[in-house]
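S.K.: Need coordinates for the following:
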Amino acid sequence: MSRYAEDEDDRPRRRRSAGGVPCPECGWRSQRPGPWPWYLGTVGAVMCKAVVCNDCDHDFDAKKPHANLATRKRNLAIGINGCGFLGIVLVIGLLALWIAFTMRR
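M.R.: This next block holds a predicted model:
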């Protein structure tokens, strides 16, 4: 046993909370993962964490509890899928320009 082992045992321990952030409706901290739409994918899951309160069944975003979850999901869907659409249009446009440039020769 090292001379520091005794000090490590005496230090106060941090207690883990029972759950995440409190529910904005009832204040309960017990939560379960909420429904997540497939079209938001992994990027949406990183930006928004949908949870459901085990007490009142209110669904909310754990990262922004007082925000409207349906509005957050809609805005994320527009942003994420809009960026993907613009990327596809850009690639197809550049491909068309490349084909047009190579056909002139």
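S.K.: Just give the nearest non-adjacent residue to S30, would you?
M.R.: Nearest in space to S30, with sequence neighbours left out and distances taken as Cβ to Cβ, 6 or more residues apart in numbering, is N54 at 4.2 Å. Any C-beta I mention is one placed from the backbone N, CA and C, and that applies to glycine too.
S.K.: tell me which residues of the longest helix seen in the chain are tucked away?
M.R.: Counting residues, the longest helix found in the chain (DSSP state H) is helix 69-103. Neighbour-count burial for helix 69-103, counted by 16 or more other Cβ atoms under 10 Å, picks out 69, 72-73, 76, 80.
S.K.: which regions of this protein sit below the pLDDT cut-off?
M.R.: 1-19, 105 (pLDDT under 70).
S.K.: list the contacts for E25?
M.R.: Each residue near E25 by Cβ atoms under 8 Å, 6 or more residues apart in numbering is listed here: 53, 56, 58, 60.
S.K.: And the longest helix of the chain, what does it pack against?
M.R.: Contacts defined by 3 or more Cβ pairs under 8 Å, 6 or more residues apart in numbering; DSSP states H and E place helix 69-103 against helix 41-47, strand 59-61.
S.K.: Show residues contacting the first one.
M.R.: Around helix 41-47, the neighbours that count as contacts under Cβ under 8 Å, 6+ apart are 36-37, 63, 73, 76-77, 80.
S.K.: Just give me the closest of those residues to G20.
M.R.: Lowest distance from G20 to the contacts of helix 41-47 (Cβ to Cβ) belongs to K63, with 9.5 Å.
S.K.: Tell me which residues touch the closest one, please.
M.R.: Here K63 is in contact with 47-49 (Cβ under 8 Å, 6+ apart).
S.K.: quick one: it from V46, how far?
M.R.: Using Cβ to Cβ, to the nearest Å, K63 is found at 10 Å from V46.
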